[in-house]
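> For reference, the sequence and a predicted model appear below.
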Amino acid sequence: MYRVLRRLVVILIHVLFGLKAHGIENLPSGGAVIAPLHRSFMDPVAVAGVIEQPISFMAKKELFRYPVFGWLLSKLHAFPVQRGVADRNAIRRAMDIVQSGGYLGIFPEGTRSRDGRVLPLQGGAALIAIKAGVPVVPVVVTNVAPLRLRRAIEVRIGQPIDLGEGGRTNRTEVKAAGEQISKEFTSLLGRNL
């Protein structure tokens, strides 16, 4: 179902807006944390539209309250996370995904920016990447806030950030990793492609 829906959505985006990808060659072949900035509801759709390998996005638990929408999200490989607490079940599932070679989608800001500015990064993306020993791939989606017909949505995929071999970590390491991710976001936002 994921591949069929992805294909239909990509066609629809191309017809209505256009979709451009930069940096596809930066995607690693093994497990990774795909970490987009979050400015629009279109971000996960655009990111999944340009990355062929399925991405399992962490989504706020509240989205799964509605049975039909929750069912659809689960068919699209999304899974719930309770925000504001250390959701151990969600962290375990995230670790399983990346350690088995999959892509985990997580928004490092933890929520959508209402005014387009980069919000302070939460530690989730860095924590999972460090513990699992997989890279973080920063991603920026532009031309989605506001959406305009025939203005191509652009997805910019940054260089993978290697945060170490995996294992235990501490707050200082997670904070330093967040700073590395922030620098790559700044770089991606500043590029004229």
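Received it, and whenever you're ready, just let me know what you need. Residues are numbered from 1 along each chain as shown.
> pLDDT below threshold where in the chain?
Under the criterion pLDDT under 70, the flagged ranges of the chain are 191-193.
> how about the strands in it?
19-22, 32-36, 55-60, 79-81, 103-105, 136-142, 153-157 (DSSP state E).
> Between those, which one is closest to residue 184.
strand 136-142 (4.2 Å; C-beta to C-beta). All C-beta spots, glycine's among them, are computed from the backbone N, C-alpha and C.
> returning to what we had before: may I see the strands of the chain arranged in JSON lines, with mean neighbour count and distance to residue 88 as well?
Formatted as JSON lines, the strands of the chain follow (neighbours: other C-beta atoms under 10 Å; distance: least, C-beta to C-beta, whole Å):
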{"stretch": "strand 19-22", "mean neighbour count": "17", "distance to residue 88": "34"}
{"stretch": "strand 32-36", "mean neighbour count": "28", "distance to residue 88": "18"}
{"stretch": "strand 55-60", "mean neighbour count": "21", "distance to residue 88": "13"}
{"stretch": "strand 79-81", "mean neighbour count": "20", "distance to residue 88": "11"}
{"stretch": "strand 103-105", "mean neighbour count": "27", "distance to residue 88": "16"}
{"stretch": "strand 136-142", "mean neighbour count": "26", "distance to residue 88": "21"}
{"stretch": "strand 153-157", "mean neighbour count": "22", "distance to residue 88": "30"}
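> so can I have a markdown table of those strands showing distance to residue 72?
Listed next are the strands of the chain as a markdown table, based on distance: least, C-beta to C-beta, whole Å:
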| stretch | distance to residue 72 |
| --- | --- |
| strand 19-22 | 21 |
| strand 32-36 | 20 |
| strand 55-60 | 11 |
| strand 79-81 | 13 |
| strand 103-105 | 16 |
| strand 136-142 | 21 |
| strand 153-157 | 21 |
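> Tell me which of those sits nearest to residue 189.
strand 136-142 (5.7 Å).
> gap between the longest helix along the chain and the chain center?
Secondary structure of the chain per DSSP state H: the longest helix is helix 171-190. Computed by C-alpha atoms, centre = their mean, to the nearest Å, the chain-centroid distance of helix 171-190 equals 14 Å.
> Many thanks, we can stop here.
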